[in-house]
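Undergrad: When you get a sec, could you give me coordinates for this:
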Amino acid sequence: MTSLRNSIHRRNHKERSQLAHRAKLGFLEKHKDYVKRAKDYHSKQDRLTRLRQKAAERNKDEFYFSMTKEKTKRGIHVKDRGNVALPTDVVKVLKTQDENYIRTMRVAGLKKIDKIKAQLTALADLVLAKDPEENSLDAEELEILQDAGIISDKFSKHSQRHIVFVEDQVVPMSSMKIPTPNRQI
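TA: Take a look at the predicted model:
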């Protein structure tokens, strides 16, 4: 029977609103407002009593090194953060270290760029080496690759050629004798 009684919907009883003729007296405080205000008031009172107790139990001879850096200005507690100007020679050393770091990072970035350009050049060579007459790249893509320095102008219109400049006479690799080191065990 109790479970049936609990399942029946009951009307929520709400607090009354401020009566019209009492509106001139201001905001009518409800119970929940009173509870919030009372909790706030009591928490502040508890804090004040704890501070009074600490002040009463304080040791007047107590000393901390942080006390030497603390001051009060017009009743406001101010603590020195220890920020002092660095000597000029230390500043110069720090600036050179910053410059060296930037220079190092720049060189690392340039190496990455060169590596990516080399990969793109190899890919462009593969694309153009398949069939130079029938380029799979359109004119705009070829122009972009040329502007980036990945391919040269000769790839855009003509077939791929390698020109090698040597000072001596060219000797086929098969006729060259490469000395092998003597291994003794």
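Undergrad: how about the helices of the chain, start to end?
TA: For the chain, applying DSSP state H gives helices covering 2-7, 31-56, 88-130, 139-147, 154-157.
Undergrad: what residues are up against residue 44?
TA: Residues counted as contacts of residue 44 (Cβ atoms under 8 Å, 6 or more residues apart in numbering): none. Yep, even glycine has a C-beta here, placed from its N, CA and C like the rest.
Undergrad: From residue 51, how far out is it?
TA: As for residue 44, its distance to residue 51 is 11 Å (criterion: Cβ to Cβ, to the nearest Å).
Undergrad: now residue 124
TA: 77 Å.
Undergrad: Show me which of these two is the more surrounded one.
TA: A count of neighbours by other Cβ atoms under 10 Å puts residue 124 above the other of residue 124 and residue 51, at 19 against 10.
Undergrad: Distance-wise, check that one relative to residue 151.
TA: In terms of Cβ to Cβ, residue 124 sits 5 Å off from residue 151.
Undergrad: do the same with residue 21
TA: When distance is defined by Cβ to Cβ, residue 21 is 92 Å away from residue 151.
Undergrad: next one: residue 88
TA: 52 Å.
Undergrad: Compare these two and say which is more crowded by neighbours.
TA: A direct count of neighbours by other Cβ under 10 Å for residue 88 and residue 151 places residue 151 higher, at 20 against 8.
Undergrad: There's contact between the more buried one and residue 145 in this structure, I believe.
TA: Yes. Residue 151 is within contact range of residue 145, at 4.7 Å (criterion: Cβ atoms under 8 Å).
Undergrad: Pull up the overlap in contacts between the two.
TA: Contacts common to residue 151 and residue 145, judged by Cβ under 8 Å, 6+ apart, are residue 124.
Undergrad: The nearest residue to residue 78 once chain neighbours are set aside - how many residues pack around it?
TA: Nearest residue to residue 78, sequence neighbours excluded (Cβ to Cβ, 6 or more residues apart in numbering): residue 71, at 5.1 Å. Residues near residue 71, counting by other Cβ under 10 Å, number 11.
Undergrad: and residue 71, what does it touch?
TA: Counting by Cβ under 8 Å, 6+ apart, residue 71 makes contact with 77, 78, 79, 80.
Undergrad: Can you tell me which of those comes closest to residue 25?
TA: residue 77 (42.6 Å; Cβ to Cβ).
Undergrad: how much space between the most centrally placed residue in the chain and residue 79?
TA: Centroid-nearest residue in the chain: residue 105, 17.5 Å away (criterion: Cα atoms, centre = their mean). Separation of residue 105 from residue 79 (Cβ to Cβ) stands at 38 Å.
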